[in-house]
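Participant: Have a look; sequence and predicted model below, questions after that.
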Amino acid sequence: MAVTPGRVLVLRALGLGDLLTAVPALRALRRGTPGARITLAAPAVLGPLAHATGAVDGVLPAAGLGPLPPAGRPDVAVNLHGRGPQSHRLLATTAPRRLLAFACAEAEHADGPEWRPGEHEVARWCRLVAAHGFDADPGDLDLPVPAAASPAPGAVVVHPGAAYPARRWPAERFAAVAAALRRGGERVVVTGGPGEAPLAGRVARLAGLDETADLSGRTPLPELAALVARARLVVCGDTGVAHLATAFRTPSVLLFGPTPPARWGPPDRAEHRVLWAGDPGDPNGHEPSPGLLEISADEAVEAAGKALTRRYR
């Protein structure tokens, strides 16, 4: 690099899955800037996991592309947020000595590689930092098991929620999978954020689980991470919880649609079973994607059995 940085500001003001897919790129920056202070602009709630990567010294609270809190002028700003121009311009307000980002004519930034539509999210950011001289390993996704206690160690975790309806498999099918695993002798718990409590409660009731199995709204991120890290299996859609399962190498059954796993799926490991029926569409749509609806509960139960080397009926 032309600039030897003492202060590095990285923009990734997005969600849980976005942070976890950027871990290899963040670690490459850490290795390539020994002695520098790396600050990640991201939602404050992600702070514990950001620090757990070993690549981040501090978190600057930020969400989306709103104005950044004052944090001083960085030597280098790194855009791991998007293709620009808005994210490029936001980082430009910090007056960095150098900006590492994808080329973007609208932001008058030519010093970077070209954006590739459809590229896997992990590979995308590794390619960006590699183009600027940082050696990134796309497989460097693991996180250490949290010190926090799990609220249900050894349980199967069913997470029916997703950010948009297009990515939500029907509650009845999640319940059918949970019921089959319960009958097979597994302890099953259901998770969800505060706004997903009605959905999680419905899944738990339909599956015949007792009230203690519904953990929705009661697992802040550190506890959720500990729960996933010590789970026997995670069953969920294309969500941040799926990326937690990848980070902790927890066996998982992941229901993809409409976004293909080639863009956001886990690495090719035996412990992760990905179900995908094709039919890509709008991931922010208001109805479950047709491809997602093609995946049956029986398929998910079979995949769970393979992930756990057991058979469930």
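Facilitator: Done, it's in. Numbering: from 1, shown residues only.

Participant: going forward, measure contacts between C-alpha atoms and count neighbours the same way
Facilitator: Will do.

Participant: quick one: contacts of the helix or strand bottoming out on mean pLDDT in the chain?
Facilitator: Counting by mean pLDDT, DSSP states H and E, the chain has its least confident helix or strand at helix 290-293, which shows a mean of 94. Contacts with helix 290-293, where a contact means CA atoms under 8 Å, 6 or more residues apart in numbering, come from 167, 169-170, 255-258, 276-280.

Participant: Now render those residues as CSV, adding distance to residue 295 and pLDDT.
Facilitator: Converted to CSV, these look like this (distance: CA to CA, whole Å; pLDDT from 0 to 100):
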residue, distance to residue 295, pLDDT
167, 12, 94
169, 9, 97
170, 10, 97
255, 8, 97
256, 9, 96
257, 10, 93
258, 12, 94
276, 7, 96
277, 7, 91
278, 10, 85
279, 12, 77
280, 14, 79
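
Participant: circling back to that earlier point, restrict the least confident helix or strand of the chain to CA atoms and write it as CSV.
Facilitator: In CSV, the C-alpha atoms belonging to helix 290-293 read as follows (Å, rounded to 0.1, in the frame of the first residue of the first chain):
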residue,chain,number,x,y,z
PRO,A,290,-42.1,-20.1,-5.2
GLY,A,291,-38.8,-21.9,-5.1
LEU,A,292,-38.7,-21.8,-1.3
LEU,A,293,-42.3,-23.2,-1.2
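
Participant: Next one: residue 154 from residue 186, what distance?
Facilitator: According to CA to CA, to the nearest Å, residue 154 and residue 186 sit 9 Å apart.

Participant: meant to ask about residue 299
Facilitator: 18 Å.

Participant: With neighbour numbers in mind, choose between these two.
Facilitator: Counted by other CA atoms under 10 Å, residue 299 and residue 186 do not tie: residue 186 has more neighbours, with 16 against 12.

Participant: and the more buried one, what pLDDT?
Facilitator: pLDDT recorded at residue 186 is 97.

Participant: Check the spacing between it and residue 12 real quick.
Facilitator: Separation of residue 186 from residue 12 (CA to CA) stands at 37 Å.

Participant: Tell me who's in contact with residue 126.
Facilitator: 22, 24-25, 136-138.

Participant: and it, what helix or strand is that in?
Facilitator: helix 121-131 (DSSP states H and E).

Participant: Quick check: what element follows that helix along the chain?
Facilitator: That would be, after helix 121-131 and using DSSP H and E, strand 156-159.

Participant: Around the spatially closest residue to residue 141 that is not a sequence neighbour, how many other residues sit close by?
Facilitator: Spatial nearest neighbour of residue 141, excluding adjacent residues (CA to CA, 6 or more residues apart in numbering): residue 247 at 5.5 Å. The local packing of residue 247 (other CA under 10 Å) involves 22 other residues.

Participant: I'd like the numbering to begin with 8 instead of 1 from here.
Facilitator: Sure thing, new numbering starts at 8, so read that last one as residue 254.

Participant: hang on, residue 254 packs against residue 149?
Facilitator: Yes. Contact criterion CA atoms under 8 Å: residue 254 and residue 149 qualify, at 4.3 Å.

Participant: Please indicate which of the contacts of helix 297-300 are buried?
Facilitator: 174, 176-177, 262-265, 283-285, 287 (16 or more other CA atoms under 10 Å).

Participant: On the three-state scheme, residue 196 is what?
Facilitator: strand (DSSP: H, G, I helix; E, B strand; the rest coil).

Participant: nearest residue to it other than its sequence neighbours?
Facilitator: Residue 196's closest residue in space is residue 220 (CA to CA, 6+ apart), at 4.4 Å.
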